[in-house]
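>>> Pasting the sequence and the predicted model now:
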Amino acid sequence: MSGFRETAVGLVPSEDIYKDEHRKRKYILKYLIRCSSLMEACQFTLNKMKFFEGFPDLDFIWGTVSGYWSEYSKLAPEDAILLDLELKYDAECPFSLADIKQTVGKWFAEKDLDSLHVQNMLQGYLKEYALTTLKQKLDSDPDSLDSAELQNFAERMRPALLEPTQRNPFVGSPNLFLEQNKRIPIGIDFIDALLDGGTIPGEVVGFVIPSGGGKTTLVMQGTAAAIIQKKHVLILSFEQKLEGDITGRMYVLASNSRRMDWKKGDITKINAAVMERWRQAQPLWAKYLHFYDNWVSAEFPLHSVKEMFTVIDKLAAIGQKPEILWIDWWGRMCGKLETAQMALKSDYDKRKAHQTWLHEIKSYSEEYGVRTFLMHQLAGAQAAKSSRFLASAHDAMENKNFPQMLDYCFVASKKDNMGRVQFKLDKARSTKGDTVTAYLNGEYCKFESTAPEYTSSLLVDEIGENEDYDE
């Protein structure tokens, strides 16, 4: 690598660039020590290329941070780093332990977590490392790598070798545009109408809905519609386990029945027609439904957005790549990521991280070609207002910029005393308007475009006995 020289202890920087390289790598290490996504993406490669080896003080810290990640799959907290450094410090080391500990303390105290510049720096280092390694192999034995091995090597190093490329939609036929922009129905008619027919693979659609306003109902209804079309559906649940209410909703939708049909407590008491419809639907649901609720558990960590999308890799490997991804819901997902990334101490840190995670969800959705639906909760003063009040998706809790990071975003009003909910598309694309009224029919576990035939008992069961209504 340019600017380095061979010594008895390996490759080290030349004296004239040591200070500059030390400064750059110290800057990178500051981010690695606090950013799970960077550590996950780079730890193995940085160890392989011995990235900090020529810088004893940085290598001393990296050994602790990297070792903790390898053992626990999470970032080391500040006190664990400081303790480990103290335990392994040798008085003969050429640097001061006090200075090292002071440096680590400053890193954890800093609020800046914008890692884009660090990512670009690492890409530059990895690109040079990749090309240097490939050149050394070819120089030592030109016949050592066949075309398949070269292609495999290039694919493994692809993230480090990305270059800007020019594109022009007028080169070639319009058929590609028409095919790429063919909208696929979700299967919920009033949502599809506002989206002019559905969504395109790679798009991310958000739903901002008050608590109890139908977030999970939409997830289940969209899932049922996709399964009928024989499409693989992936649900990542951060709020509810599969047992109980979720399974009950699925049974209702699969058998086209009602909640009360599944409250018998004994399978022999369930209506024969309902059970027959359930048996007919069972093979489709068993094949096309992929439900993951691991992250509901406090003991199951989530370190990065990429970690969620690796589930798609596993399903694709067995021929079950999902076309649709539902994430239920954003708030709980952020809570898991914030727990893993302990450096997010201030509101500013969290807002910056939230922007990054939304961007990553969009990027990975495009990369995997899935249609992603991200549920979020309307809360606070906006959610407490009357059911006649239709908020903006910008009022989603602390995430004022939530809809700006997505392709489209719906916001829902509170449910009124007739079960009516207004849905508004913040980023309107339909020429037919941007607002529609739907009816939340809890007994059938779905939204309907027209008013359901309520009885007084169903109305109480649907709306809830203790809810305050608008007169």
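The structure has been received and is ready for your questions.
>>> Mind listing what's buried along stretch 364-374?
For stretch 364-374, burial by neighbour count (16 or more other C-beta atoms under 10 Å) applies to 364-365, 368, 370-374. Where you see a C-beta, it was placed from the backbone N, CA and C, and this is true even at glycine.
>>> Tell me the gap between it and the middle of its chain.
Centre-to-centre, stretch 364-374 and its host chain are 10 Å apart (C-alpha atoms, centre = their mean, to the nearest Å).
>>> With distance to Ala91 as new columns, can the buried residues of stretch 364-374 be given to me in JSON lines?
Conversion of the buried residues of stretch 364-374 to JSON lines gives the following (distance: C-beta to C-beta, whole Å):
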{"residue": "Tyr364", "distance to Ala91": "48"}
{"residue": "Ser365", "distance to Ala91": "53"}
{"residue": "Tyr368", "distance to Ala91": "52"}
{"residue": "Val370", "distance to Ala91": "55"}
{"residue": "Arg371", "distance to Ala91": "60"}
{"residue": "Thr372", "distance to Ala91": "55"}
{"residue": "Phe373", "distance to Ala91": "58"}
{"residue": "Leu374", "distance to Ala91": "54"}
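>>> Show me those residues that map onto strands.
Among the buried residues of stretch 364-374, the members found in strands (DSSP state E) are 371-374.
>>> ok so, going back, nearest to Tyr31 among the buried residues of stretch 364-374?
When those are compared for distance to Tyr31 (C-beta to C-beta), Tyr364 wins out at 20.7 Å.
>>> Pretty sure the closest one sits against Lys306.
Yes: counting by C-beta atoms under 8 Å, Lys306 is a contact partner of Tyr364 at 6.8 Å.
>>> any idea how far Gly63 is from Tyr55?
Not Tyr; residue 55 is Phe. Per C-beta to C-beta, to the nearest Å, Phe55 is found 12 Å from Gly63.
>>> Where does pLDDT dip in the stretch 251-400 of the chain?
By pLDDT under 70, the low-scoring segments of the stretch 251-400 of the chain are 342-345, 379-400.
>>> just the helices in it please.
For the stretch 251-400 of the chain, helices defined by DSSP state H, counting those that start in this stretch occupy the ranges 272-288, 305-317, 330-340, 347-368, 380-383.
>>> Go through these and name the closest to Gly172.
Going by C-beta to C-beta, the one of the helices of the stretch 251-400 of the chain nearest Gly172 is helix 347-368, 20.3 Å.
>>> Next, the angle helix 330-340 makes with the closest one.
Counting by axes from the mean of the first three to the mean of the last three C-alpha atoms, to 10 degrees, helix 347-368 lies at 110 degrees to helix 330-340.
>>> packing partners for helix 347-368?
Counting contacts by 3 or more C-beta pairs under 8 Å, 6 or more residues apart in numbering; DSSP states H and E, helix 347-368 packs against strand 204-210, helix 305-317, helix 330-340, strand 371-378.
>>> Check the gap between the residue nearest to Glu110 when sequence neighbours are not counted and Ala109 for me.
With C-beta to C-beta, 6 or more residues apart in numbering as the criterion, Glu110 has its nearest non-adjacent residue at 7.4 Å, and that residue is Lys30. Per C-beta to C-beta, Lys30 is found 11 Å from Ala109.
>>> These two - which one has more neighbours?
Shown here are Lys30 and Ala109; by other C-beta atoms under 10 Å, Lys30 has more neighbours (19 against 10).
>>> Just the element for that one, please.
Per DSSP states H and E, Lys30 falls inside helix 15-32.
>>> Check which residues of that helix are buried.
Buried positions in helix 15-32, judged by neighbour count with 16+ other C-beta under 10 Å: 21-22, 25-26, 28-32.
>>> could I get the ones in strands among the buried residues of stretch 364-374 as CSV with distance to Val104?
Formatted as CSV, those follow (distance: C-beta to C-beta, whole Å):
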residue, distance to Val104
Arg371, 43
Thr372, 38
Phe373, 41
Leu374, 36
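>>> Out of those, which comes closest to Ser211?
For those, the residue nearest Ser211 by C-beta to C-beta is Leu374; the value is 16.5 Å.
>>> give the contact list for the closest one.
When contacts are counted by C-beta atoms under 8 Å, 6 or more residues apart in numbering, Leu374 touches 204-207, 327, 329-330, 361, 406.
>>> can you pull up the bridge partners for it?
Gly206, Ile327 (DSSP bridges).
>>> circling back: next one: the helix holding Lys30 to chain centre, how far?
31 Å.
>>> now for that helix, which elements pack on it?
Helix 15-32 packs on helix 36-48, helix 56-72, helix 116-140, going by 3+ C-beta pairs under 8 Å, 6+ apart.
>>> Tell me which of the ones you listed sits most buried.
Counting by mean count of other C-beta atoms under 10 Å, helix 36-48 has the highest mean neighbour count of the helices and strands packed on helix 15-32, with a mean of 19.
>>> then it to CSV, C-alphas only?
C-alpha atoms of helix 36-48 as CSV (Å, rounded to 0.1, in the frame of the first residue of the first chain):
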residue,chain,number,x,y,z
SER,A,36,-22.9,-1.0,15.5
SER,A,37,-23.5,-0.8,11.7
LEU,A,38,-19.9,0.1,11.0
MET,A,39,-18.6,-2.5,13.3
GLU,A,40,-20.8,-5.2,11.8
ALA,A,41,-19.8,-4.3,8.3
CYS,A,42,-16.0,-3.8,8.8
GLN,A,43,-14.7,-5.7,11.9
PHE,A,44,-13.7,-8.9,10.1
THR,A,45,-12.1,-7.1,7.2
LEU,A,46,-10.2,-4.6,9.4
ASN,A,47,-8.8,-7.5,11.5
LYS,A,48,-7.8,-9.3,8.3
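>>> That one vs helix 330-340, what angle?
When the same axes, to 10 degrees is applied, the directions of helix 36-48 and helix 330-340 differ by 40 degrees.
>>> Which strands and helices lie in contact with helix 36-48?
helix 15-32, helix 56-72, helix 116-140, helix 305-317.
>>> closest one to Leu194 among the ones you listed?
Of those, the one closest to Leu194 (C-beta to C-beta) turns out to be helix 305-317, at 26.9 Å.
>>> Check which residues of that closest one are buried.
By neighbour count on 16+ other C-beta under 10 Å, the buried set for helix 305-317 is 305, 307-309, 311-312.
>>> Surely Ile270 and Asp261 touch.
Yes: at 6.4 Å, Ile270 and Asp261 qualify as touching, with contact defined as C-beta under 8 Å.
>>> Contact partners for Val370?
Contacts of Val370 (C-beta under 8 Å, 6+ apart): 201-202, 234, 312, 322-325.
>>> hmm, back to that, looking at the contacts of Leu374, which is nearest Val118?
Nearest member of those to Val118, counting by C-beta to C-beta, is Ile361, at 20.6 Å.
>>> thinking the residue nearest to Glu110 is in contact with Trp107, fair?
Yes: using C-beta under 8 Å, Lys30 makes contact with Trp107 at a distance of 4.6 Å.
>>> Could I get the helices of the stretch 251-400 of the chain in CSV, plus columns for distance to Glu299?
Formatted as CSV, the helices of the stretch 251-400 of the chain follow (distance: least, C-beta to C-beta, whole Å):
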stretch, distance to Glu299
helix 272-288, 28
helix 305-317, 15
helix 330-340, 11
helix 347-368, 22
helix 380-383, 30
